[in-house]
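[1] pasted the sequence and its predicted model underneath.
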Amino acid sequence: MATTEFMSKERLDRYILEAAKTAAYEQGFGVAGCDLSLRYWWAAYARQSLREQAENDRLAEYLLTCAKLAKQADVIIPREYVIYDVHTSEDLDRPGIGWLRTELMPRRRVSGIIIPTLGRLSMDDYHRQAFEKECQYYGIRFIYGDAPSGTDIGSMFARSGISLGNYLRVETNRKSALAGNIGRILAGKVPAQKAAYGYIYRVDKIFEPGTGKAKVLRAWWQVDELGPDGEPIYGTAAWTVTQIFIWIGDEARTAYWVANKLNELGIRAPYRTSWAPTTVIDIVHRRCYTGEAEYNANSRVPNPDKPLGDLTLGIKRTLLRPKPDSEKVIFKVPALTTKERWLRANNNLRERGRGRGKQGKTIRALFRTRMLCPRCGKPMSVLRKRGTDQVYYFCRAHYRPWLQNTCTFNRFVPGTWDDEIWGEICTIMGTDTWLEQQFSVELSHSADLEKLVRIEQLKVSQMKLRVSKVQEGWEKGFYAAEEVQAKLAEHRQAVARAEAEIARLQKQMASKGLSPLEAELLRQELKALRDRNLMESAYEEKVDLVAKLGIKVLPSEDLKSRKILCRLNLTKVNDEKEQSGFAKVMLGSAYRIRTGDLLLRPKE
Ligand SMILES: [Zn+2]
C-alpha cells in the first residue's frame, strides 16, 4: 500500500504494537498471523493528511483509540487490517479506504470496521453516508470513537451533526488561516505553516497579561542549518538544497542522478522514505530558495481533459496552476541559492523534459508503448544513446528502485528491431490467405457464440414448460406444497442461470464478435493497406498501421526471439511461422468499425 512511501512499515508496526500494549489488548489488536480466509475479523481505519503527519502526528493516539474500542467491542483486528492512509479528508480516493470499499467490504472479509473519529473518515457528510450505506448493504458493522454508531434515527442524526461540524471546521480553518497568514506577511512575518525543506519555522510569542492570549512578535524561517562559518553544514537539509541547485543548475545533472546520489549519500528525504526524482524536481521548482517565498501563489485545479469519476472519489485536482498575481503575496526568507542558478536549474529541467512525454516525442521508436518487458509485462521505455542515433527499449521499472514493484529485467532491446519487426509484419500482411483466415476465424467465433445463445434459449423454454407442468400437477393434486415449492425454485433458478448466460454471450458478441458487414469493411481497409508497398511506408504510416493492427511485441528474456501479438485472431498463420523459426503471431480480440468514416478502432 502507498502508506509505506510516507511511513515506513517498521514505524507503523511500532505504533500498532504500542497502541495494543497501552490498551492492554495485545491479543486482539494488530495481531500477526491471522487466517485471513476467515470472515470474523474486524478492520481499523485511520487517516492523516501528509501535513498533519509531518507537523502534528497523532497516529499513535488514533491507533490507541482503535485498540481500546476493539477491546471494548471484544473483536480481533489482524495486523493486515490496520489500515492507514496519508491523504486529505476531501474525498475517499485513498488506497486504504479504496481497498476496504472494493475488496474487504464487498467480499465480506471483515465483520466490522473501527474508525477513531468521524473526521478520519471524511470531512464530507455525503461520503460518510455513502460509506455507512455500503456497510449496511454488506452487513458490516461500524464503530466510531467520537459518535454514536447505531443505525437508529437519533444516532444517524448525531453523526450528521458532527460530520457537518467537521466540514465547517475544516472550511473555516482554511479561510481564517489564509486571511491570518496574509495579515502576518503584511506585518513582516512569515505565514504560520511548516517551512519549506531546508528551513525551520521559528516564532517568538508572548502571552498578553490580562487575556492570556498568545501574540506573535516575530515569525521567521531559519536555515536548517548553518555552521559557525555561515555556510550550511554538510548533510543538513539546507546543504542538500544548495547542492541540488549546484548539481542541476551548474553541472546539468538529471533529477534522476541527483535522487540516486542523495540516497547513496544516505541523506534523509523530506516526507518520503527515500529520494525520488519528483522530490528533487519539486525542490528545484520552489521559488523560496532564492530568498523570495510566495504565499497563496498556486492552487490545484482539475484537469479538464480527464473524465470525472465516482462522486465519492472526488474531482482529482492534478494540475498546479498559478493564482492571479493579485492574490499572491511575497515574503522574505534567507536565500539558499542565487536567482541566476535557480533559473538555470529550472531551465535545465525544462530542457530535459522536452523530447519526452506528450509534448515532443523526438525519439523515433515504432513500438513505443508496444514493446513489453518480458519479465514484468509493462510497456518498455525508449532512450537514445547520447550523441548517437542508437535507440533502445528498456524496462523503466528496473531503474526506479523507489517504486513498490520494481522489475529485475536489465537488458536493452536494440532499436534496430523496429525494421526487423516491420519486415515480419509486412510478410504476414502480404500472405494472400492471411486476411481471409483472420475473418473466417473471427466469423466462426461469432457463429459459435450464436449457437451457444440458441442452446441457452432452448434451455429456457424447456424450463418454462416444466414450470407450467408442475403448476398443472399441483392443481390436480399430484404434489404436496413443499414439493411444488422446491421444484419451482429449482426450475426458476435454472431459467435465471440460462438467462444470465444469454446476456453474457450477447454482450460478448456485441463487444468482440464481428458482424459480416463489419468484417467486410475491415477486410477492405486492410487489403487497401496491404496493396500499398508497405516496405516503403513513411514512418507515420507505419505507426498508423501498427496502431490499427494493435501490435504488441514481447521479447524473450534472452532477446533471441520475440512474439508479435496482434489484436486480430491469427491462429493459423501462427503455426507455420513458428515452425519456420519466424516470429510467432498470437491471437487477440477484434476491431470495431465506425462505419461512418471507416475508422478502425481497437476495442477498449
Ligand atoms: Zn520489467
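    Right, received. Where do you want to start? Numbers count the residues shown, from 1 in each chain.

[2] okay, and Leu545 sits in which element?
    The secondary structure element spanning Leu545 is helix 539-549 (assigned by DSSP states H and E).

[3] and that helix, what does it pack against?
    With contacts defined as 3 or more CB pairs under 8 Å, 6 or more residues apart in numbering; DSSP states H and E, the secondary structure elements packing on helix 539-549 are helix 417-430, helix 516-531, strand 599-602. For every residue, glycine as well, the C-beta is placed using N, CA and C.

[4] what's whichever strand or helix holds Glu436 packed up against?
    Following DSSP H and E, one finds Glu436 within helix 432-475. Based on contacts counted as 3+ CB pairs under 8 Å, 6+ apart, the elements that helix 432-475 packs against are helix 481-511, helix 516-531, helix 571-579.

[5] most proximal residue of the stretch 151-300 of the chain with respect to the ion?
    Residue nearest to the ion within the stretch 151-300 of the chain: Tyr256 (17.2 Å; CB to the ion).

[6] these two touch, right, that residue and Thr279?
    No. With contact defined as CB atoms under 8 Å, Tyr256 does not reach Thr279; the gap is 11.3 Å.

[7] the more surrounded of those two?
    Higher neighbour count among Tyr256 and Thr279: Thr279, with 20 against 15, using other CB atoms under 10 Å.

[8] which residues of the stretch 151-300 of the chain score low on pLDDT?
    Under the criterion of pLDDT under 70, none of the stretch 151-300 of the chain is flagged as low confidence.

[9] could you pull out the helices for it?
    According to DSSP state H, counting those that start in this stretch, the stretch 151-300 of the chain carries its helices in the segments 153-186, 237-245, 255-265, 277-285.

[10] over to the stretch 1-150 of the chain?
    Counting by DSSP H, counting those that start in this stretch, the helices of the stretch 1-150 of the chain are 3-6, 9-22, 50-55, 59-73, 95-99, 118-121, 125-138.

[11] what mean pLDDT does the fifth one get?
    It stands for helix 95-99. Model confidence over helix 95-99, given as mean pLDDT, is 91.

[12] buried residues of that helix, list them for me.
    Across helix 95-99, burial judged by 16 or more other CB atoms under 10 Å covers Gly96, Ile97, Trp99.

[13] just checking, the last one touches Ile83?
    Spelled out, it's Trp99. Yes. Between Trp99 and Ile83 a contact is recorded at 6.9 Å, counting by CB under 8 Å.

[14] who are the neighbours in contact with the closest residue to Gly227 other than its chain neighbours?
    Leaving aside its chain neighbours, Gly227 sits nearest to Ile233 (4.6 Å; criterion: CB to CB, 6 or more residues apart in numbering). Taking CB atoms under 8 Å, 6 or more residues apart in numbering as the criterion, Ile233 is in contact with Glu225, Leu226, Gly227, Trp239.

[15] tally of neighbours for the third one?
    When neighbours are counted by other CB under 10 Å, Gly227 registers 11.

[16] tell me the phi and psi of it?
    phi -90, psi -180 (degrees, to the nearest 10).

[17] could you do the first one as well?
    The phi and psi values for Glu225, taken as degrees, to the nearest 10, are phi -150, psi 160.

[18] contacts only, for it.
    Glu225 is in contact with Ile200, Pro232, Ile233, Thr236, Ala237, Ala238, counting by CB under 8 Å, 6+ apart.

[19] perfect, that will be all.
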